[in-house]
Structures are given as C-alpha cells and as structure tokens.
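Asks: Provide a 3D model corresponding to the input given below.
(chains A, B, C and D)
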There are 2 protein chains.
Amino acid sequence: MYDVFINFLGLFKNIPPTDAAIIEKELSHRKVMEGEVLLEEGQLCKEMFFICKGVLRIVSQNEKGNKMAYFFLKENQFCSILNSFNNNVPAAEGIEAACDAELIVLKKQKLLGLYEKLPYLKELITSITTQALLDKIQVRNSYLGEDASLRYRNFLMRQPDIALRVSLSDIASYLGITQQSLSRIRKNMR
Amino acid sequence: MYDVFINFLGLFKNIPPTDAAIIEKELSHRKVMEGEVLLEEGQLCKEMFFICKGVLRIVSQNEKGNKMAYFFLKENQFCSILNSFNNNVPAAEGIEAACDAELIVLKKQKLLGLYEKLPYLKELITSITTQALLDKIQVRNSYLGEDASLRYRNFLMRQPDIALRVSLSDIASYLGITQQSLSRIRKNMR
DNA sequence: GCTTGCATTTAACAAATGGTAAAAAGCGTT
DNA sequence: AACGCTTTTTACCATTTGTTAAATGCAAGC
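Replies: Residues are numbered from 1 along each chain as shown, chains lettered A, B, ... in the order given. Now for the predicted structure:
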C-alpha cells in the first residue's frame, strides 16, 4: 500500500530498504468520498497528504462569500496548506475531495520525527513541495489577463484528466467565473 | 552599504560579525532606472536581487502578446526567477525596474559558495524565499473571482506604497485589466 | 415507474470590461 | 513659454461576463 509513496520518493533520490521501512511505519492511509472535508478553513493544518488516487481541491471563500477552488491536486502530488503546516497559523484555505480519493497521510509530528532520523528526507520533501509551489504560481499567472474561454482552453490542455473528474462548478470557480458562464463557453466550443 | 542586507537577515537569525564579513565580500551593488531590464524573459537567471530601494516587477507576455506584471517586489524583499535560478532552465518571466531602484546582487555561484561556508545561510534564505512564495500565492488567489474594482481596492489596501510608485499601466496589467478600465475604476471611486 | 434532489444547460437582460481612438494632462528639455 | 514625449483620462460601441430564473438531465431511493 505505502510503496506507491516510497516509489515516488525514489524517483528523486534512492531510498534504501531500511529507510523505506522506517518511513512506512509513520504513514497512515485514508479513503475519502467526493465532497468530504479534509481540512476546514481556519483550522490548523497538521497533516500533509500524498494522493494515491483521486483529486483534492484547495478552497476558500472570497470576499463575496463564494467558495472558490484555488488548486486541484491529483495522483502523486502532495497536498497541504503549507503556511499553516509550517508556521502553526490558522489555514487560510480548506482542503476537500473533488472526487473520491485515496490518500497517504503524513502527520506533522511523525514527519518531523522522520526528518530527525533521515535528514535527507526533509530536503527531499521540501524541494518537491517548493517546486510544486513554483509550478502552481506559474499556472495561475498564465491566466492573468486572458478571457474566460482562453483560460478554460488552457486549463483543458494543462489538466485534461482533472477536467474530466471534477464538477463544472469546481472548474468555473477555479477559473474565476460562474458556472453559467462556463457552460456557455463549453457550448460555444462545440 | 551592505549592512542593510545583513541587518535584514539578522531579523531572522543572529549573524556573527565574522560571518557578516564573509557574506559582504560576495555581494555587489547595482542602481537601475525605471524601465531597465534586469533579466530578459527566456534567459537563464543567475542572480538573486535584494531590494534596498525601489520596486521591481516580474513580467511576462501572455498569449495575446500583452506584457503582464505578475508581481511587484519592494524594499527588503528578494527578487529572482526561482525556477530558473534553482533548476537552470530558461526563465518564463523577466525582471524589470518598475521605478528607480537600488539593489544588492547575489550571484548564483557566489551564493552557492556562501552556502558551503555557512550552511545555515542556505536554510535561512530558502525559508525566506519559500515564505515569500506562499505569500504571493495567497495574494493572487485572493483576487480569484473578484471583479476588477474589488481587486484594485484590495491591491490598494495591501500595497498602498507600491500603488503610489508604479505606473497605471503596470497596475492594470497586474490586475489583469486594461489601463483604460483601471482609469475608469479610479474615476468611479471618487 | 415515479418522485426527489442535485448538477448542468439555457435564456433574457443588466452590468462590467475590452478595443479603438482621441483628447487632456503631466513632465522634462530647450 | 514652447516643444516633444509619455502617461492618463474620456468617450464610443462591441463583446464578455454576471444575475436571475427556468428548463433539462440524471442518478438514488421509494
């Protein structure tokens, strides 16, 4: 079960079997259904998820009271609210399942313990999550100043698999438009 | 001249005078005028800037060919294209002076040398720049799904000093609208 | 088979924003 | 003060997007 995670880390750095055993002992596993809340906005984030299957969404209420999807995360990606996780402050965003999902859970305390035992693990996970941040920023920036239908087109090209697995209203909020607008855009594309 | 930088680092971690001397030896200094290009989009980013005075902008052409401002950086902030700097790939964004500015320049090779001599420096600068990434993402996300005048209002609240120092067209592109729209929004706010 | 609840589509109208062009204002130089 | 240059403001109309409301589709449970 946990070897998916070890194999993933192994893509970046060789993990000796003995270390793998140490890591696996600190992991837990969780299945969630579409819509399930993994972290409530405003709570402390004390977990990092590694997605084995499915899609999670990072969400937050904007000033108008609409819940927007900031990001979608899928298989082989980490999902956490890093600002809260790292700095022990309330999370400005929540985490929810955008479709049924299977996760590996890294509890903060256990992860810190692992960092003590295997110092290279800290550098490894930090560099993976930092690179993920850079990628997220780049995608978000690329939408800047494009109209909604162009944003949608680019979303389809970048994340075709996610487009098929999450709801229209999720995608609309991710693109910063209403679901009616997105439905209209879809129609015009046919 | 360089003590501004050392003092800034000192806010996060005590820097012994001997270390400060080692660091200062690797720094250089640069003055730029408004509009000056510090890094061309597509080039390798081999420098990290620390802003002593002024405002820099991170820019990139979008699909329509308009140059958009992704971020503004000001005094006591680092400015670099991290994806290029870290991974030796061409920068997807450029760096320009949004107004006259004074910078401290950290050349990549010299910085890596410092990281060897003073390992804590790597962790320190990495954590500062990572936190800056988190902050940038949070601001960008907060604009999602808000109309242009609300984005402008929030920009004014978040970065009132920058609003006074950069051009209207810069702010407009940062907000993802045309300068005419921003001018109209300003008028409606009076 | 028939509700029921939920997601998606459609429609009509209002509001916001873009595109274009021109005028006005600001600014440094002479 | 006059000039050239850039930035900002205005105005017009076309397009996009939001708002509201209703219709449709679809799956779960009765």
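
Asks: and A:Ser84, how many residues sit next to it?
Replies: As a burial measure, A:Ser84 scores 21 neighbours (other CB atoms under 10 Å in any protein chain shown). Glycine gets a C-beta too; all of them are placed from N, C-alpha and C.

Asks: Okay, domains of chain A per the record?
Replies: A:3-140, A:143-190 (automatic domain parsing).

Asks: Output those domains as JSON lines; include the columns distance to chain B.
Replies: As requested, the domains of chain A are exported to JSON lines (distance: least, CB to the nearest CB, whole Å):
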{"stretch": "domain A:3-140", "distance to chain B": "5"}
{"stretch": "domain A:143-190", "distance to chain B": "4"}
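
Asks: Out of the ones you listed, which is closest to DNA strand C?
Replies: domain A:143-190 (3.6 Å; CB to the nearest atom of the strand).

Asks: First-to-last residue distance for that closest one?
Replies: Length of domain A:143-190, first residue to last, CA to CA, to the nearest Å: 22 Å.

Asks: do stretch A:96-105 as well
Replies: 14 Å.

Asks: so how far is it from its chain's centroid?
Replies: Computed by CA atoms, centre = their mean, to the nearest Å, the chain-centroid distance of stretch A:96-105 equals 9 Å.

Asks: Chain A: strands as residue ranges?
Replies: Counting by DSSP state E, chain A has strands at residues A:28-32, A:37-39, A:47-53, A:56-61, A:67-73, A:78-79, A:94-97, A:101-107.

Asks: Relative to the last one, what are the paired strands and their orientations?
Replies: Right, strand A:101-107. Under the criterion DSSP bridges, strand A:101-107 sits next to strand A:28-32 (antiparallel), strand A:47-53 (antiparallel) in its sheet.

Asks: The fourth one now?
Replies: Listed by DSSP bridges, the sheet partners of strand A:56-61 and their directions read strand A:67-73 (antiparallel), strand A:94-97 (antiparallel).

Asks: need the strands paired with strand A:101-107 in CSV with mean pLDDT, can you?
Replies: Below are those laid out as CSV (pLDDT from 0 to 100):
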stretch, mean pLDDT
strand A:28-32, 95
strand A:47-53, 97
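
Asks: Please work out which of those strands is packed deepest.
Replies: Using mean count of other CB atoms under 10 Å in any protein chain shown, the stretch among the strands paired with strand A:101-107 with the largest mean neighbour count is strand A:47-53, at a mean of 20.
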